[in-house]
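**Q** Quick one, fold the following:
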Amino acid sequence: MPRKGRKRVLLYALAHARSGDKGDTANVGLIARTPEDYPLLVREVTAARVARHFRGMITGPVERYELPNLHALNFLLHGALDGGGTVSLKTDAQGKVFSTALLRMAVRVPR
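**A** Numbering: from 1, shown residues only. Reported below is the predicted structural model:
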(Lines give C-alpha, C1' and ligand atoms only; values in the text may rest on other atoms or scores of the structure.)
Protein backbone atom coordinates (compact mmCIF):
# COMPACT_ATOMS: atom_id res chain seq x y z
CA MET A 1 0.00 0.00 0.00
CA PRO A 2 1.44 3.42 -0.95
CA ARG A 3 2.34 5.86 1.81
CA LYS A 4 -0.10 8.71 2.35
CA GLY A 5 0.54 11.54 -0.10
CA ARG A 6 2.44 9.32 -2.53
CA LYS A 7 1.49 7.29 -5.56
CA ARG A 8 3.30 4.54 -7.43
CA VAL A 9 4.41 5.05 -11.02
CA LEU A 10 6.55 3.02 -13.36
CA LEU A 11 10.02 4.42 -14.04
CA TYR A 12 9.29 4.89 -17.73
CA ALA A 13 7.15 7.90 -16.75
CA LEU A 14 10.23 9.55 -15.19
CA ALA A 15 13.23 8.30 -17.16
CA HIS A 16 14.76 6.87 -20.31
CA ALA A 17 17.11 3.90 -20.16
CA ARG A 18 19.72 2.21 -22.29
CA SER A 19 21.65 -0.98 -21.68
CA GLY A 20 24.35 -3.17 -23.11
CA ASP A 21 26.98 -5.70 -22.19
CA LYS A 22 30.44 -5.63 -20.68
CA GLY A 23 31.38 -9.30 -20.57
CA ASP A 24 29.11 -11.03 -18.05
CA THR A 25 27.88 -7.68 -16.72
CA ALA A 26 24.88 -5.73 -18.00
CA ASN A 27 25.40 -1.98 -17.95
CA VAL A 28 22.13 0.00 -17.55
CA GLY A 29 21.94 3.79 -17.81
CA LEU A 30 18.85 5.48 -16.34
CA ILE A 31 18.39 9.12 -17.41
CA ALA A 32 15.83 11.44 -15.82
CA ARG A 33 13.36 12.96 -18.28
CA THR A 34 13.69 16.29 -16.45
CA PRO A 35 16.34 17.64 -14.05
CA GLU A 36 13.61 17.86 -11.39
CA ASP A 37 13.09 14.07 -11.57
CA TYR A 38 16.74 13.25 -10.87
CA PRO A 39 16.61 13.58 -7.03
CA LEU A 40 13.62 11.25 -7.00
CA LEU A 41 15.57 8.67 -9.01
CA VAL A 42 18.51 8.97 -6.61
CA ARG A 43 16.20 8.40 -3.64
CA GLU A 44 14.02 5.61 -5.07
CA VAL A 45 16.25 3.63 -7.45
CA THR A 46 18.87 2.19 -5.13
CA ALA A 47 21.25 -0.65 -5.92
CA ALA A 48 19.35 -2.83 -3.43
CA ARG A 49 15.99 -2.14 -5.11
CA VAL A 50 17.42 -2.84 -8.56
CA ALA A 51 18.91 -6.11 -7.27
CA ARG A 52 15.49 -7.12 -5.90
CA HIS A 53 13.83 -6.13 -9.18
CA PHE A 54 16.18 -8.44 -11.10
CA ARG A 55 16.21 -11.26 -8.53
CA GLY A 56 16.49 -14.58 -10.33
CA MET A 57 17.87 -12.93 -13.48
CA ILE A 58 21.31 -11.96 -12.19
CA THR A 59 23.76 -13.92 -10.03
CA GLY A 60 26.03 -11.14 -8.76
CA PRO A 61 25.81 -7.79 -7.01
CA VAL A 62 24.46 -4.51 -8.38
CA GLU A 63 26.62 -1.38 -8.35
CA ARG A 64 25.17 2.13 -8.76
CA TYR A 65 27.00 5.22 -9.95
CA GLU A 66 25.50 8.70 -9.80
CA LEU A 67 26.04 11.10 -12.71
CA PRO A 68 24.42 14.34 -11.47
CA ASN A 69 25.77 16.44 -14.34
CA LEU A 70 23.79 14.18 -16.72
CA HIS A 71 20.82 13.68 -14.35
CA ALA A 72 21.50 9.97 -14.68
CA LEU A 73 22.31 6.80 -12.77
CA ASN A 74 24.41 3.95 -14.10
CA PHE A 75 23.98 0.39 -12.85
CA LEU A 76 26.28 -2.58 -13.31
CA LEU A 77 24.39 -5.87 -13.00
CA HIS A 78 27.10 -8.47 -12.40
CA GLY A 79 26.42 -12.04 -13.45
CA ALA A 80 23.56 -10.98 -15.71
CA LEU A 81 24.63 -12.45 -19.04
CA ASP A 82 25.51 -16.08 -18.37
CA GLY A 83 29.15 -15.62 -19.27
CA GLY A 84 28.83 -12.82 -21.80
CA GLY A 85 27.69 -12.25 -25.36
CA THR A 86 30.14 -14.58 -27.09
CA VAL A 87 29.44 -17.62 -24.89
CA SER A 88 25.93 -17.06 -23.51
CA LEU A 89 22.98 -19.11 -24.68
CA LYS A 90 20.54 -16.48 -23.39
CA THR A 91 18.18 -14.95 -25.92
CA ASP A 92 19.43 -11.47 -24.95
CA ALA A 93 23.15 -12.20 -24.64
CA GLN A 94 24.07 -8.49 -24.97
CA GLY A 95 21.69 -7.33 -22.21
CA LYS A 96 19.68 -4.93 -24.37
CA VAL A 97 16.38 -5.76 -22.66
CA PHE A 98 17.55 -4.89 -19.13
CA SER A 99 16.82 -1.20 -19.78
CA THR A 100 13.20 -1.91 -20.68
CA ALA A 101 12.86 -4.23 -17.71
CA LEU A 102 14.21 -1.57 -15.33
CA LEU A 103 11.73 1.00 -16.67
CA ARG A 104 8.93 -1.33 -15.52
CA MET A 105 10.00 -0.97 -11.87
CA ALA A 106 7.49 0.97 -9.74
CA VAL A 107 8.62 3.88 -7.56
CA ARG A 108 6.79 6.20 -5.16
CA VAL A 109 6.34 9.83 -6.16
CA PRO A 110 4.50 12.74 -4.51
CA ARG A 111 0.87 13.09 -5.58
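
**Q** Let's see the distance spanning stretch 103-111 from one end to the other.
**A** 20 Å (Cα to Cα, to the nearest Å).

**Q** Would you mark the buried spots in that stretch?
**A** Within stretch 103-111, the residues that qualify as buried by neighbour count (16 or more other Cβ atoms under 10 Å) are 103, 105, 107. To be clear about C-beta, it is placed using only N, CA and C from the backbone, and glycine gets the same treatment.

**Q** among those residues, which are in strands?
**A** Among the buried residues of stretch 103-111, the members falling in strands are V107 (criterion: DSSP state E).

**Q** so what does the helix or strand of the chain with the lowest mean pLDDT touch, helix or strand wise?
**A** For the chain, using mean pLDDT, DSSP states H and E, the weakest element among its helices and strands is strand 15-22, scoring a mean of 87. Based on contacts counted as 3 or more Cβ pairs under 8 Å, 6 or more residues apart in numbering; DSSP states H and E, the elements that strand 15-22 packs against are strand 25-32, helix 98-103.

**Q** Out of the ones you listed, flag the one nearest G79.
**A** Ranking the helices and strands packed on strand 15-22 by proximity to G79 (Cβ to Cβ) places strand 25-32 first, at 7.6 Å.

**Q** Tell me what angle that closest one forms with strand 15-22.
**A** 160 degrees (axes from the mean of the first three to the mean of the last three Cα atoms, to 10 degrees).

**Q** can you give me the strands in the chain?
**A** Assigned strands in the chain, in chain order: 6-10, 15-22, 25-32, 62-67, 72-77, 106-110 (criterion: DSSP E).
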